[in-house]
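Asker: Build me a structure from this.
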Amino acid sequence: MIPDPKVREAALRWAALTGDPDFADWEGFTDWLEADPAHARAYDEVQYAVTDAAEVMETVHALAKAAPAPANDNPPFALSATRPAWIGAAIAAALVLVASFVLWPATRGETLYTTVPGETRLIALGEGSKIELGGDSRLAIPDEGARRARLESGQALFTIRHDAADPFVLTVGGARLVDAGTVFDVRTRPDGLALAVAEGAVVVNPRVQALRVEAGHRAVLEDGRLTVSAVEPAEVGEWARGRITFRDAGPAEVAAELSRATGLVFRSSGGAARISGSIALDQVRSDPASLAPILGMRVQREGEAWVIAAR
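Answerer: Presented below is the predicted three-dimensional model:
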């Protein structure tokens, strides 16, 4: 849900007030937080942005002071003309962090992209970046030019041109994923998300876990806990090429993924079995029963659904 602009403005105001060492109205602040769950979410988001920006700026100032002084008698303002290029990029990145909260989506529009089960959609971001949205998914992108997106549900494959001064940031539930020159796949889960990286790296929650997930690895965020395992880079986002590979997955997960990818209705019966196998989606669409030998499970039709169950 998009925060109300008035809530965002109030969150910014409270963030400024509580940052003052002389602030005393903690009772009023607590009352505001408890008045609506959206208040706490908005306050946390602005705190993330302001804290991240402050840390970047502290680093910039510290390193700028340590840089050699210009070899002339120009006034201090001349430093801006001779400072290393990366300092300007760091300042820009810091400003982007705060601006992204203040401007999106409160004062800027956004486009919501949706797909139905079995449908995929290509979203071109420009400059070589793109998003392939999987079936039964919802993705929000702010006005053209902003390197931000929010995956509300479903799955998407991201191919992102890296820009250190303006990193691409994906919000998924309460998590933030920051691109580091990357091809990566993200799938929402009821209790978190699953991330797989084919190229480059993704930083998960820079202010919390600060986990850098490298290419060839998969991270699952579940109830606030992160687990990492290896994955074949070729398998990352392969649903966009018409195939899904399962590695030690439960029947419920397999049923949900097949339903999203094919547009057919799959259900699971029993959850003890673990399933591994590589599945061509066109074959499943034409003959769902052909899954049985691939998965080592029973696959039979019950009304409008195909039920996956242990033999």
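Asker: C-alpha from now on. contacts and neighbour counts both.
Answerer: Fine.
Asker: Next one: residue 38 from residue 219, what distance?
Answerer: As for residue 38, its distance to residue 219 is 28 Å (criterion: C-alpha to C-alpha, to the nearest Å).
Asker: swap in residue 17?
Answerer: Counting by C-alpha to C-alpha, the gap from residue 17 to residue 219 is 37 Å.
Asker: Which one's more surrounded, those two?
Answerer: Using other C-alpha atoms under 10 Å as the criterion, residue 17 and residue 219 rank with residue 219 on top: 23 against 16.
Asker: Now the more buried one: closest residue in space, sequence neighbours ignored.
Answerer: residue 228 (4.4 Å; C-alpha to C-alpha, 6 or more residues apart in numbering).
Asker: ok but that neighbour is inside a helix, no?
Answerer: No: counting by DSSP: H, G, I helix; E, B strand; the rest coil, residue 228 is not found in a helix; it is strand.
Asker: Let's see the pLDDT reported for residue 22.
Answerer: With respect to pLDDT, residue 22 scores 72.
Asker: ok, now how distant is it from residue 16?
Answerer: Applying C-alpha to C-alpha, the value for residue 22 to residue 16 is 12 Å.
Asker: Of these two, which one has the most company?
Answerer: The neighbour comparison of residue 22 against residue 16 (other C-alpha under 10 Å) goes to residue 16, with 13 against 8.
Asker: Over to the more buried one. Which of the three states is it?
Answerer: Under three-state DSSP, residue 16 comes out as helix.
Asker: State the distance from it to residue 42.
Answerer: Where residue 42 is concerned, residue 16 sits at a distance of 13 Å (C-alpha to C-alpha).
Asker: Residue 259 too?
Answerer: 34 Å.
Asker: For residue 157, give me its contacts.
Answerer: Neighbouring residues of residue 157 by C-alpha atoms under 8 Å, 6 or more residues apart in numbering: 131-134, 183-186, 237, 240.
Asker: Could you do residue 219 as well?
Answerer: Counting by C-alpha under 8 Å, 6+ apart, residue 219 has contacts 194-196, 213, 226-229.
Asker: Strands of the stretch 201-311 of the chain, residue ranges please.
Answerer: With strands called from DSSP state E, counting those that start in this stretch, the stretch 201-311 of the chain shows them at 201-204, 211-214, 217-222, 225-230, 243-249, 265-269, 275-280, 298-302, 305-309.
Asker: Which of the helices and strands in this structure ranks last by mean pLDDT?
Answerer: Within the chain, no helix or strand scores below helix 79-82, which has a mean of 35 by mean pLDDT, DSSP states H and E.
Asker: how about the strands in the stretch 51-200 of the chain?
Answerer: So, for the stretch 51-200 of the chain - with DSSP E, counting those that start in this stretch - the strands run 110-114, 121-126, 129-133, 138-142, 148-153, 155-160, 169-172, 175-179, 182-189, 192-199.
Asker: Out of those, which one sits most buried?
Answerer: strand 155-160 (a mean of 24; mean count of other C-alpha atoms under 10 Å).
Asker: That one versus strand 182-189: what angle between them?
Answerer: 160 degrees (axes from the mean of the first three to the mean of the last three C-alpha atoms, to 10 degrees).
Asker: pLDDT weak spots in this structure?
Answerer: 1-5, 41, 44-45, 47-108, 144-146, 271 (pLDDT under 70).
Asker: circling back: which two in the contacts of residue 219 are spaced the farthest apart?
Answerer: 196 and 226 (12.7 Å; C-alpha to C-alpha).
Asker: which residues touch the nearest residue to residue 210 once chain neighbours are set aside?
Answerer: Spatial nearest neighbour of residue 210, chain neighbours left out: residue 204 (5.6 Å); criterion: C-alpha to C-alpha, 6+ apart. Listed by C-alpha under 8 Å, 6+ apart, the contact set of residue 204 reads 175-178, 210-213.
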